[in-house]
Every structure is written in structure tokens, then in C-alpha cells.
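Asks: The sequence and its predicted three-dimensional model are supplied below.
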6 protein chains.
Amino acid sequence: MRVDGRQSNETRPITIVRNYIKHAEGSVLISVGDTKVICTATVEDKVPPFLRNSGTGWITAEYGMLPRSTGTRNQRESSRGKVGGRTMEIQRLIGRSLRAVVDLKALGEKTLWLDCDVIQADGGTRTASITGAFVALADALNEQVKKGSLQQLPITDFLAAVSVGIVGDQPVLDLNYEEDSKAKVDMNIVMTGAGRFVELQGTGEEATFSGDELNQMLSLGKVGTEKWIALQKEVLGAEIANRIAQSAMQNA
Amino acid sequence: MRVDGRQSNETRPITIVRNYIKHAEGSVLISVGDTKVICTATVEDKVPPFLRNSGTGWITAEYGMLPRSTGTRNQRESSRGKVGGRTMEIQRLIGRSLRAVVDLKALGEKTLWLDCDVIQADGGTRTASITGAFVALADALNEQVKKGSLQQLPITDFLAAVSVGIVGDQPVLDLNYEEDSKAKVDMNIVMTGAGRFVELQGTGEEATFSGDELNQMLSLGKVGTEKWIALQKEVLGAEIANRIAQSAMQNA
Amino acid sequence: MRVDGRQSNETRPITIVRNYIKHAEGSVLISVGDTKVICTATVEDKVPPFLRNSGTGWITAEYGMLPRSTGTRNQRESSRGKVGGRTMEIQRLIGRSLRAVVDLKALGEKTLWLDCDVIQADGGTRTASITGAFVALADALNEQVKKGSLQQLPITDFLAAVSVGIVGDQPVLDLNYEEDSKAKVDMNIVMTGAGRFVELQGTGEEATFSGDELNQMLSLGKVGTEKWIALQKEVLGAEIANRIAQSAMQNA
Amino acid sequence: MRVDGRQSNETRPITIVRNYIKHAEGSVLISVGDTKVICTATVEDKVPPFLRNSGTGWITAEYGMLPRSTGTRNQRESSRGKVGGRTMEIQRLIGRSLRAVVDLKALGEKTLWLDCDVIQADGGTRTASITGAFVALADALNEQVKKGSLQQLPITDFLAAVSVGIVGDQPVLDLNYEEDSKAKVDMNIVMTGAGRFVELQGTGEEATFSGDELNQMLSLGKVGTEKWIALQKEVLGAEIANRIAQSAMQNA
Amino acid sequence: MRVDGRQSNETRPITIVRNYIKHAEGSVLISVGDTKVICTATVEDKVPPFLRNSGTGWITAEYGMLPRSTGTRNQRESSRGKVGGRTMEIQRLIGRSLRAVVDLKALGEKTLWLDCDVIQADGGTRTASITGAFVALADALNEQVKKGSLQQLPITDFLAAVSVGIVGDQPVLDLNYEEDSKAKVDMNIVMTGAGRFVELQGTGEEATFSGDELNQMLSLGKVGTEKWIALQKEVLGAEIANRIAQSAMQNA
Amino acid sequence: MRVDGRQSNETRPITIVRNYIKHAEGSVLISVGDTKVICTATVEDKVPPFLRNSGTGWITAEYGMLPRSTGTRNQRESSRGKVGGRTMEIQRLIGRSLRAVVDLKALGEKTLWLDCDVIQADGGTRTASITGAFVALADALNEQVKKGSLQQLPITDFLAAVSVGIVGDQPVLDLNYEEDSKAKVDMNIVMTGAGRFVELQGTGEEATFSGDELNQMLSLGKVGTEKWIALQKEVLGAEIANRIAQSAMQNA
């Protein structure tokens, strides 16, 4: 039994509200338990210098936390004058993950900016960001298809992320902040709709883990990402979901 | 008739949701038309160096905008590595305004951090920030009274802010973004429940204004702040509102 | 009676020395009491990106204080590696104020840089900066007319700024540092030769002010700016003063 | 057959030179193929603020690349004025990895700084850094034991890291730069002498990977880290190696 | 004959105005030809960390140029967010030079800040800064003697600096900006009243120089510094000058 | 007799290893006693903005120290977010020195980057950097000649640098760290193969020096640079050495 009464293979309640910010091309408010993240997708008609005249697009992400998203106030990175190591690690992870399910050639010379801003944190902010950003991205790209800027949706599969870990001696799924603080091992798993890995980041926190423990965590990760991809399909609606499913089949 | 059909002396619809972020000592989501700001209040048991051992408290504010709170994405100040001039001006204004209605001596050696983060912008973000931050601050200080850290609420009056301006030749109240872009004069007015001025910042945008125009704008400002203070009272509830009212009478 | 023996509606002695720095297109040393500011105007034949190919010019200002312009040494902003909030607020104010009396269309695609560097501070450095910068700007633009880079002086009116405030219960004009430190209310007023407002920034320093007090301060501000504009006319000489006066009449 | 003629499960030649820098408490030059990294360990008799008076020590790492360690010159992070995201990610990884095999309680209130500076890069700089830093750390801590600052060596096991990946469709071990540039999947594995995982970071580079591919990469990683730990034992010599082995048995 | 009609061994006209800034403990405006520098000396009752509890004082200098001290506007170092290499080199030189003629032990645990701000530049700003800063420092230290904070003036000799160089094939003294731009060799010489060297910095600007040329430049440097030290004595007055002279004799 | 048994006019053992870093166009490891510096030369086919379309090339240098090149760990300049004054002074010196022996016109619009990174420091790092960088530069430029990018070697003479100083009352050559810490005077001398000065930087460390002492130091400097230039010739080999010698004769 876990601190909040969940089974070890149970995720927290999750909701995804689409079109949350009126100005953005795609935007969601994703809540996973008490973790709440605003994810927006912005389409820009140019690419970074290393891709100019390559015909290829780019996806980049930025991540932030409001000062009181956390139990004690954390200083703004803008006041400190620099982006911290944890933030950089997370935003690089989000960008890389989403690039794995978008056909950048088909996107053409556009950049997608994914902004994930945590307004309330209770563990799993990076995995919530990836899961929410996928929906914002799908909306933004679908909009491009509708207005004729893209011929078809360049998304090759669904994508969700979940955290797993070992708390006490128990592998558990979707850790909240209290569990995360006590976990010996912490692993973030990013998976596609087809059940393939995109990212796997497992860390012993002043601890180590065995091959068996790894396998148990991977199984839990599969359970979690499958569940959240099911919600993404529901939220996006049959039309968009089917287009992505077709695209995934062609890519399989 | 204004672009959104309002009368010149009419404000946009406003809502204030209390306790919006679970971790903060006080927090609101304030919406003024399509402008949405999360305001949190944090109580810290120390003061900046210049007040140490003075027995006096301090109130400071920080302001931010999410990258897609605006029509085109604006770069994060954390990535740029510095806080811009506009942000500094606004956060200094918010802090100064709220210090005017708190008895810092009675607060004792505590610092109140007010964080105002715009999640969606449509004009008037600084005045919405002040109006919302007042409620977050009242909640945070009331909590201190309840738990015995303060003997009584050190708030000396209500406080709200509103923008006024001259669009075309017409003085108008509570400008939205479209009006703001076209305004010749832009003025922010911060007033107390007793109708006294706390701040007055009027700016001709490559234009000037006469004494008459100033007076018309001041009248509109009074209408707007009175209306919003009425909402603050309603939202905070009779108990807190009465305490502030009593305090205001003692200070009159 | 004030600390330095002045009447409440009396300004400090003021002098403006033109052509103070040999390299600058316009330059003055302005002294208001013990406050001394070097103001230079630089003409640059390009505009910031947002104005390129618009046919319109720009005016921007920067403000600085020498480390020992003040009673205790203040650290250089270059060593701190960033420009502080107060500096940003002031330089934005100076730039905005001067843009209000220059016809930027007539200026064409040029940028005017106004640098205001305080070499000795005793209150009112921002208002002295504006008042001095106007003369430096007039000289720099007049030079452009003389050398044929501009067809006529694109200045639409005179401009001066003065501080007013409430010290004790007394509204007073042109506060020195000692008065400023004790003032309950501090207001900066920027006015044109025609007596129109350009900027109005009134701040209760942990205090508030009534409509009556506001009116008294506005009257003092009118006295002060009129007096200083009279000096600007005298210092610039009949020829330039007349050109500006004509321009002001055409714009009235 | 790989570009340099290696088998898929073969590592590049590796050498570790101890006591490479005379000033450091521990220091090595590690060469893995053409990748060369100087790793130094510094012992400092204080801990970061969050550990003061906890009786517990800390290990932190910093990573850098000389400008011409790479094929084209890369700009110094000191000139750019900030540490980049990749550098932060790597130095956080190195620090975390080494903390997993040191008993920080037994270390007491000391900080170990591990500096890993790449003087020539040809792929696998982060795994070479971890593998080399372990030896520098062992030397620095052993020195503390010899001079009586520590009662016994607080190292709980050996530690090495290796990269694996999928190039073409082939899982391969210890990728050089040319292979790394073409790899679809890139994984860094940090393992202990007992064969337990410390870190696992697998990334599809605009690609994904299956559970089978993961297992093949994990097997290669085991081969590589075992081989390098064997070298660490040889290089450190029987005395130190035995102490760590004993410690590892006690911790098993 | 030089561009401004001087002989090769002739300096430009020089004036030193004492007590130029009312707030500073010592301050001068030094003019050397068209080069004008405000030098202030600030006395602070503490020392940098490396001298705490050593009983020894410190002297440090900062140097700046107003944006329009030069022919084309130079960007403020505060806006650029960092102090440039040339500025650092100069301020390190000024500090080192003055430390050579002050008995830091006798100064006790105080820091002297010397701020040299160029308001108009025409070559030789660093040597004018040193020559002027010496007078500001003498005034500030003399003030400390008068008010009893120091028992005697801890200055061991006079100090002045001058530039020499080779223009065409001609060694010349005290180069103005035009000469400096064309010089093949540029040398700054800092000397004491006793004719001893404190600093010697000679630089071939994409050129080299012989031992003979060096000797000719050193002779010119002696002429220049002697002349300026004579002025320092005159400006400081007999009383202070005699105290320094006595001190110099004791130190000889 | 000196601390390490050397005569006053004796340098430490010196070695120069060419082609030390495989990626760089030129690279050496230079060891002078226990001081070890990696110098690389990078050729870039563009020039800084101020030289564009001038037909002229540029040489610039950067200098760094690894954190544990010194007895106590020094913080990375990248973590501090800025390049310190000492670093800037040194890298400006290295760049200037090498520009004096390269015909920048003949180089054409290319930039040579010289990176000097100290991996172990024991005094004289800047002079070792210059002496080593000359060899790296010669190799890089010779390579350009070989591949036809340059018609002939644009080097006008050999170049080496050495430190001299006064320790106790004794002028000495090539100070190690221990001597340097105790020296009253410290001078860096950069000379060409023809015995001409390129740079001369002498500094009294809270001390002064006479003309006689200067002459003794200059003589020692000549001994040292001659010796090191002899080594440069030997290391570069007859072919390159002869080309430079011819070039030097033409330029004499």
C-alpha cells in the first residue's frame, strides 16, 4: 500500500484540457494528481542556423517552474540570470522525446517550440510535460494541416512518459513528490504507442539497482504509458487519433 | 462604442479564484477579460539586509509572463539571462503599491514575496497583478493571524489598480490589448478603499495630454478601482473584509 | 521654510553649459543645486530592427551614476554585470519623454542616443537629466539641419521635468536629497512648453495621497517646468528657440 | 565489421596514467582510443550549505572540453559566459555516479571535487570521465586514509561507465565519434564491480528502440564495464583494490 | 614637429582641480590636453577577504569611460553585462601603481577605492588617471590624518605616469589620440618622485623596437613624470607635499 | 643559489612536443620546469568585423587554466560566468605578441586562434604560452602553405618570451612559482630572433626598481629568449626554421 493508497502499478488521476491558452497554436493544461503543467506549442516559420536550407524542421522545448509551484519558494531563473542544470536536462529531454515521433523532413523548415510551465508540482513534472506537450503539438500541427501549411500530419506515433522507481524495496509506478523524495531508484520512461522506447533514464540515488529490478520497472512503465496514450487518443478525438494511428502503421 | 462593445466607463468581467495553488500561503487566479494572472504570496521569516534588526517587515514582488501568454511567443527572461526593463518596472510597482497598505512595523521581521505570473495576456496585466496580489496577500497574512504568528491583520486598507487611457479622443477605462496598442495616453492608477492614490503613472505614447484629460482619466480610475475593491470584499468574505475595514477606519 | 531656506514653490539654482564634451553632437553639463549631470546626444544613421524600412526614427536614453556621485560609494553596474531596476526605469522614462516632443517621422531613419551621466547627485537626477537632455538633443538636431542631413528641426515643443513631493504635510517643488529621503509622496512631472503633460509618476512611499494633494503638486510642477523651459530658451538662443516655438505653434 | 575494424563487443584500447598532475590529491590521464581526459580529485574540508552540520560529505563534478579537443574549434564556455546544457548534464551525471559508490556518511564533512577536462575527444568522453574519475577519487581518498584524515576507505565498490548504441542495425560497444554520429540509439551505462546499475541513459536519436535491442545493449555494457573495472584494479594495485573489494563485500 | 606643434619631449597642458565632487573623500578633475578624467578616492573601513585580520590595508581601482568620451559612441559596459579586457587591464594597472607608493601596513585595515572616469578622451587616459588618482588619494588620506583615523600619511613617495611612443621614427612624449593611433610602439611609464620605476609597459603594435629606442623612450618618460610630479606638489600645497617628501626620504 | 639550485641566469629545462592534439591545425605541449601548457592553433577562413574586406588577417588568443593546474583548486571561469582580469590581460598579451611576427596582410582574410591551456602551473605560464604558441602557429601556417592556401610562410621572425624578476636583491631569470611569490619586481619580456623587443611588462609588486635593475633584467631576458628560440628552431626542423630565417632577413 502506497502513501496515497494506490497499488504499485496504479497511476494518479490524470486530466488534459485542450486549448487552454487562447494565443498559442496548441495548448493544454495537464494535471497528474496534484502536478499541473501548462504546455503550449508555437509554430515558427524558420529553423536554427544548422538546419537552414536543409528542408528539415526542428522541435525544441523549454521548461520552467513558477516560484510557488513548490512547497518552498524557489528563486526565478531569470533573477538568478541563468538556467539551472536540472532545467536544461529536462528541456533537452522533452525536445529529444518529441523529435522521435515527428517526421522532421515532412515538417519542412519550421520550428516547433514546446513550452512546459509547471504551475503546481507534486512529482513527475517532466513526464507530465512530455505527455501534455504531445497533445499540444498534435493540435498545433493539425492546425497547420487544416490551414494548408502542411499536407499531412507529420506525427509518426503517440508518445507518453511516466516515472517509475523503487520505494523501500517496492517498484512503483508514477511517483508523487513524497515517494520521489524517498526513492532509491528513479527512472523516467518515454514510450511510443507501438511500445518502443524513446528515452530511458534510470538513476540510483546514492544507490544501485539490479537487472531484475530494472525489468520490473520497465514493466510498470509500459502499463503507465499505455494508459496515458489511451487518454491522449480520447482527448484528441477520433479524427486526429486515427490519422496518427495510420501514420504509425505506415512507419512500423 | 469600444471594440468589444463596452461603454467608456465599463470594466471587463473579472473573477478571482482563491487558493489556486496548494503550496502557497496565499494564491489566486485573477481573470480580467482574457487577461489571466496567477498571484501567490509567500511568507518568509527574514528580511533583506537593510532591515535586519529594525523590527520592520518587507514586501517585494516579482512578475513574469509565460512565453505564450502573448500573441507571438516572447523569449524567456531566464534564457536571455536577464530581467528586462519592463519587468523590473512592473515588479517594482507591484511591491511599492502593496507596501502602501501594509503596516510593515506590525508585520515584524518577515518578508512577503508576491509572485505574479501572467499565463494569458490581453492588456492590463500589471493592474490585474496588483488587484489579485492584494487578495493573495490578505489570505497569507490572515493565515499568519490564525496560526498566531501575527496578533492582528497588518493591512491598513483595500487596494486595487486599473488602467485608463485615451483611445482616439475618448478617455476609456480598463483597456484591452487592442485598445492599449492604439492609445495615445496610458495611465495606471492604484487606489485604496478610502479613495486615496497610491500610484499614478501616466504616459503620453509619443503624445501629450492636458489637465482636463487627466481629470477625466482620474474619474474613470476611481470608478474602476471601486468596483474591483467591491469584488475583493465579496471574494475574501465578510470576516476578513471587516477586519480590513476596521483597520482602515483606525488609519483614516 | 525648507531645509535649505527655500519657499515651497521655489526651485534650486540651475545652470546649463552647452558643448561640454567636444566629441558629442550635442552635450551639456546641467547643474540643479548640487546635482550635476552630463547629457550627451549622439546621432546614429540607423534604427533598431523594429523600425527598419519604416522611414521613422528613434530616440533612446541611457542613464548612469558615477560611483562617488553619491554620499556612499555605489558599485558600478558594469562590475555587477547588470543594469539595475532603478536605472532601467529612469532611462526608459527619459527616452519616452523626449520621444513625445520629436516628430520621429520627420527625423527619418536615425537614432538619437541620449546619455545622462550623473557626476554628483543631490536629488532630482532624473528630472535634471530630462531637462538637460532636451538641450543636448536640440543642439544635435540643429547641427543636422545645418549640415543638411535634416530639412528642418523635428522638435515639436520644449520639454522639462521637475520633481514635486509632500514633505511633512507640505507640498514642495524640486526636492533635494535630504527632502526626498523624508518625503511621503514623490512625483515626477514632465511637461511641454505648451503646458501639456508628457509623464506623471506619483508614488506614495509607504503612504497615500488625496486628490487635493495631487492638485497642489501639479500646480507646483507647472511653476517649475515653466521656469526651466524659460532657461532652456535663453541658453539655446533666439534662433533655435524661435524655430521650436514655431514648430510648437504648428503642432498646437 | 566496424569502421575501425573492431568486433561489435570490443572496446577501444584504454590506458590510465595515475598521478598525472602534481598539485592534485588524485589525478589521472585516461585514454580510450583517441579520447583523452584529465581527471583530478580535490579534497576540500567543507560541504555545501545543505549538508552543514549533517556529518555527511559530498561529491561534485565539473566537466570541460578544451576548444580544440574537437574537430572544429568550440567556443569556451567562459567566453560565452555560461555553462551549456550538455556540459551540465554530463557533470551532473559524473557526480551522481560517483556518489553511488562512496559512503558519504563515512566520508564526513568533506567535499570531493572531480574535474574532468577533455583534451582530445573522439566519442565517449563522459564514460571515460567517469571511469577515470573513479581512479583519481580512489587515490585522493586513499591519501586521506594514509595521512589519517579518514579511518578507512569509504568506497563501497568499483565503478566504470561505457557507451553502447545501435549503428545501422547492429548493437555495438564503446562507440567512437564517427559511430556516435551515425548511431540511431545511444546509451550510457554506469555499473559497479558487483554488476549493478548506477545509471542508465538510453536515447533514440530521432529514433526508437525495442525491448530486445535494449537487452542486447545492456549485455554489451556489462562486457565493457567489467573489462574496464579489471583495468582499474590493475592500475590501482593490489592494496587499494583489495580494500575496495572488501568494502564491496561488506556492502553486498 | 608634431601634429599639435609640440616638441618631441613636450607634454600637453595639464590642470588638476581638487575637491571636484563634494561627496568623495578625495576627488579631482584632471585635464591633460583634451583628456579629462574625474578621479575620486573612497575610504572604506574594511578589507577584502584575503587581508582580513592581517592588519594590512588595500588599494583597488576602477576605470570607466562615458559613452561619448570618445569620437564615436562606445556601448556601456553595464549594458553589455561585462567589463571588457582593456578596462580590466587599466584598472589593475592603476591599483598596482598606487599600491607601490602607499605603506599598506601603516594604512591598517582600510580599503581605498580609486574611481577614474573618463569624461572626455584624447589619448593617455590611463596615465592621466594614475596621475590624478594620486592627488585624490593624497587628499583622502590626509583627511584621515586630520580626523585622527591615521597617525601619519602612509604615502612613501609621489607618483605619476606618462605615455611615450614611437611615431614615424620619432620617440615622442605624451601622445594624443591622433599620435597614438599611428604609433608603432606605445609605452606607459609609471615613476616615483625618486625617479624609480613602478610599471613599465611597452608594446609594439604589430611592430618591434630596439634597445636604443627603449632607452630614448625611458628618457622621455623621466622628463614627463618629473614635470607632472612638480605640478602635483604645487597643487597639493607645501604642507602635504612636505609630508610626502619626508616620508620618501625615510624610505629611500 | 636559487631555491631549485639554478644560477641566476639559468632557465629551467624546457621541452616542446609538436602535434600533441590530433584535431588542431597546429598543437604543442610545452613544459618549462613543472609548468605545462597545451597550445593549439586553429585556422578560420574569416576575420572579425573590423577587418572584413580589408584583405588583412587576424590573430587572437585565449588562455585558460584547468582547475587543478594550481596548488589549490581555482574555480572555473565558465562557472563564475565571466573571464577574469588576469586571464584577459594574458590572452591580450599573447595575441599582441604573435601579431608582431606575422605579416597579417600576407596572411589574408583568415583568423588564427591560439588557445593556451595550462594543465599544470609552476610560474611563467604566460611566457611558456607565447613560446609554445609560436611553434603551434608555425605548424598551422606551414600546413596552409603545404596545401596551397598560402603562397609562403607569413612569419617575419622567431618569437619567445621569458620572465625575469628581482628576488631578494638578485635579478633572476625564468622564475618558478615559489620565486615569483617572493619577487619584488616581475617582468615579462617578449623578444624576436633578431633581439628586438615586442613586449616589456615590468611591475613592482608593492615595490619599485631602478634603471640599473631594469638593465640587468633586460640582459637576463635576452639570454632566456635566445635559448628558447634556439630550441624552437631545433624542434621545428631545418626546413621551417630556414624559411622563417629568410623571412626575418628580408624584414630586417
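Replies: Right, received. Where do you want to start? Numbering: from 1, shown residues only, chains lettered A, B, ... in the order given.

Asks: OK, contacts around the residue of the stretch 1-150 of chain A at minimum distance from chain E?
Replies: At 9.0 Å from chain E, A:Gly81 is the closest residue in the stretch 1-150 of chain A, using CB to the nearest CB. Glycine gets a C-beta too; all of them are placed from N, C-alpha and C. The neighbours of A:Gly81, taking CB atoms under 8 Å, 6 or more residues apart in numbering or on different chains as the test, are B:Gly81, B:Lys82, C:Gly81, C:Lys82, F:Gly81.

Asks: Tell me how many other residues crowd A:Gly71.
Replies: Number of residues near A:Gly71 (other CB atoms under 10 Å in any protein chain shown) recorded here: 12.

Asks: ok, it - contacts?
Replies: Counting by CB under 8 Å, 6+ apart, A:Gly71 has contacts A:Tyr177, B:His23.

Asks: Can you tell me, leaving aside adjacent residues, what's nearest to the most centrally placed residue in chain A?
Replies: Nearest to the geometric centre of chain A sits A:Ile130, at 0.7 Å (CA atoms, centre = their mean). Once flanking residues are discounted, A:Ile130 sits nearest to A:Ala161: 3.9 Å by CB to CB, 6 or more residues apart in numbering or on different chains.

Asks: For that neighbour, list the residues it contacts.
Replies: By CB under 8 Å, 6+ apart, the neighbours of A:Ala161 are A:Ser97, A:Arg126, A:Thr127, A:Ile130, A:Thr131, A:Asn188, A:Ile189, A:Val190, A:Met191, A:Glu199, A:Thr225.

Asks: Please report the confidence value the model assigns to the fourth one.
Replies: With respect to pLDDT, A:Ile130 scores 98.

Asks: quick one on the thing from earlier: dump the contacts of A:Ala161 into JSON lines; add distance to D:Gln75 as well.
Replies: Output for the contacts of A:Ala161, formatted as JSON lines (distance: CB to CB, whole Å):
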{"residue": "A:Ser97", "distance to D:Gln75": "28"}
{"residue": "A:Arg126", "distance to D:Gln75": "29"}
{"residue": "A:Thr127", "distance to D:Gln75": "34"}
{"residue": "A:Ile130", "distance to D:Gln75": "31"}
{"residue": "A:Thr131", "distance to D:Gln75": "36"}
{"residue": "A:Asn188", "distance to D:Gln75": "31"}
{"residue": "A:Ile189", "distance to D:Gln75": "35"}
{"residue": "A:Val190", "distance to D:Gln75": "31"}
{"residue": "A:Met191", "distance to D:Gln75": "37"}
{"residue": "A:Glu199", "distance to D:Gln75": "28"}
{"residue": "A:Thr225", "distance to D:Gln75": "39"}
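
Asks: So which of those belong to strands?
Replies: Among these, the members found in strands (DSSP state E) are A:Asn188, A:Ile189, A:Val190, A:Met191, A:Glu199.

Asks: surely the third one meets A:Leu159?
Replies: Yes - A:Val190 is in contact with A:Leu159 according to CB atoms under 8 Å; the separation is 6.7 Å.

Asks: intersection of neighbour lists for these two?
Replies: What both A:Val190 and A:Leu159 touch, as defined by CB under 8 Å, 6+ apart, is the set A:Ser97, A:Ala100, A:Ile130, A:Val198.

Asks: Among those, list the two that are farthest apart in space.
Replies: Greatest spatial distance in these: A:Ala100 and A:Ile130, 10.6 Å, computed using CB to CB.

Asks: Which of the three states applies to whatever residue of the stretch 151-252 of chain A ends up closest to chain F?
Replies: Using CB to the nearest CB, the closest approach of the stretch 151-252 of chain A to chain F is made by A:Thr203 at 22.9 Å. The three-state label given to A:Thr203 by DSSP: H, G, I helix; E, B strand; the rest coil is strand.

Asks: got it, and A:Trp113?
Replies: Strictly by three-state DSSP, A:Trp113 counts as strand.

Asks: Pretty sure it sits against B:Asn74.
Replies: No - contact status for A:Trp113 versus B:Asn74: not in contact, 11.0 Å apart, counting by CB under 8 Å.

Asks: picking that back up, where's the residue nearest to A:Ile130 relative to A:Ala128, distance?
Replies: 8 Å (CB to CB, to the nearest Å).

Asks: buried ones in stretch A:198-210?
Replies: By 16 or more other CB atoms under 10 Å in any protein chain shown, the buried positions in stretch A:198-210 come out as A:Val198, A:Glu199, A:Leu200, A:Gln201, A:Gly202, A:Thr203, A:Gly204, A:Glu205, A:Glu206, A:Thr208, A:Phe209.

Asks: Between which two of those residues is the distance greatest?
Replies: A:Val198 and A:Glu206, at 27.3 Å, using CB to CB across the buried residues of stretch A:198-210.

Asks: Tell me where the stretch 151-252 of chain A has strands.
Replies: A:159-167, A:170-173, A:185-192, A:197-204 (DSSP state E, counting those that start in this stretch).

Asks: Go through those strands and name the closest to A:Ala230.
Replies: Here strand A:159-167 is closest among those (CB to CB), at 9.2 Å.

Asks: Show me what the longest helix along chain A is packed up against.
Replies: Longest helix of chain A, by residue count under DSSP state H: helix A:211-236. Applying 3 or more CB pairs under 8 Å, 6 or more residues apart in numbering or on different chains; DSSP states H and E, we find helix A:211-236 packed against strand A:14-18, helix A:125-146, strand A:159-167, strand A:170-173, strand A:185-192, helix A:238-251, strand D:197-204, helix D:211-236.
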